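A.B. asks: only geometry, no sequence info:
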């Protein structure tokens, strides 16, 4: 690992900030990560999470970041599944309206296939193998990789302005502040979306990730079932403008009903017993960057200031933070090298 004289400050200890800090350390930069919250209190700790390119547009940049992230997750699943919590699993997504074509990400994931005879009431579907991230293991693993494996430093502190860090001698700041960029970077496009999920024990032997794909990207509710070794994630909600990270009993009950209906349609045995053993209901505030066409309008760019100061902005990932994290981290390193 090469050495550089110029230290880098990273803001944010979610998956995007940690992945960026890891890649910067691997590239030889001294890195200090500043964050108000650390695992298990970050928004990332309240995510599903499976690799989810279906939430992202197929722009060239997003496709590159998605492809690079997939390669990293696949390698983790092969090399260190127990430690990292990353494994590969089968996912089936079902649609109530026919697809016009294969999704843009079909050549990124493994073993993609169209399902032309899905169970009623669905009329189309896809199936593939993709990475699954056991979040209670994965986020602590990222932090340990940065601190223990790469001798990075984390400071628990709220950063209210970039000037705070410039005044301490940092000339490079990587802004992975998520929703905090609304104030920190004065970005009015940053919009909170509350996501509620339920973790349950896997009492009915679920193994395949199931997802109901809708034709309304603005829908506030959905149905997905993501099984892991020791629990299952049921989701979810996507509530624009809600930034109170609390769960609501009615919303959680609605998630259970929708997920049970999805399982019944797929002829999963004992679907009526779903959520008989609940572990925890969780709510996280998704740091979305809204524009006319997307909720995940990521800002990833270099801002050059006077006196040789640089800010690299890497935020606005919304629901796709885990999926895009490693590709965006690689882009951060590239931007810093330019």
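C.D. replies: Ah, there it is. Source: prediction; values computed, not measured.

A.B. asks: What helices and strands are in contact with the lengthiest helix in the chain?
C.D. replies: Counting residues, the longest helix found in the chain (DSSP state H) is helix 60-79. Helix 60-79 sits against strand 86-95, strand 124-133, helix 321-337, with contacts defined as 3 or more C-beta pairs under 8 Å, 6 or more residues apart in numbering; DSSP states H and E. Bear in mind the C-beta positions are built from the backbone N, C-alpha and C, glycine included.

A.B. asks: How far away from the center of its chain is the second one?
C.D. replies: Just to be clear, that refers to strand 124-133. Between the centre of strand 124-133 and the centre of its chain there are 16 Å (C-alpha atoms, centre = their mean, to the nearest Å).

A.B. asks: before we move on, what about the first one?
C.D. replies: On the basis of C-alpha atoms, centre = their mean, strand 86-95 is displaced by 15 Å from the centre of the chain it belongs to.

A.B. asks: I'd like the next helix or strand past it.
C.D. replies: Following strand 86-95 in sequence order, the next helix or strand is strand 110-114 (DSSP states H and E).

A.B. asks: got it, and the second one?
C.D. replies: Going down the chain from strand 124-133, the next helix or strand is helix 135-144, by DSSP H and E.

A.B. asks: what's in contact with that following helix?
C.D. replies: Helix 135-144 is contacted from outside by 13-15, 18-19, 22, 38-40, 42, 44-49, 83-86, 154, using C-beta atoms under 8 Å, 6 or more residues apart in numbering.

A.B. asks: Recalculate using a threshold of 6 Å.
C.D. replies: With C-beta atoms under 6 Å, 6 or more residues apart in numbering as the test, helix 135-144 has contacts from 18, 39, 44-45, 47, 49, 83-85.

A.B. asks: Filter those residues down to just the ones in strands.
C.D. replies: Among the contacts of helix 135-144, no member falls in strands (criterion: DSSP state E).

A.B. asks: of the residues you listed, buried ones?
C.D. replies: Neighbour counting by 16 or more other C-beta atoms under 10 Å classes 18, 39, 44-45, 47, 49, 84-85 among the contacts of helix 135-144 as buried.

A.B. asks: For the helix or strand containing residue 279, give me every contacting residue.
C.D. replies: For residue 279, the host element (DSSP H and E) is strand 278-289. Under the contact criterion C-beta under 6 Å, 6+ apart, strand 278-289 has outside partners 43, 46, 178-179, 189-200, 231, 243, 245-247, 252, 295, 297, 316, 318-319.

A.B. asks: quick one on the thing from earlier: kindly reformat the buried ones among the contacts of helix 135-144 as TSV containing distance to residue 213 and pLDDT.
C.D. replies: TSV is the format used below for the buried ones among the contacts of helix 135-144 (distance: C-beta to C-beta, whole Å; pLDDT from 0 to 100):
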residue	distance to residue 213	pLDDT
18	29	98
39	30	97
44	24	97
45	26	96
47	19	94
49	17	89
84	28	98
85	26	97
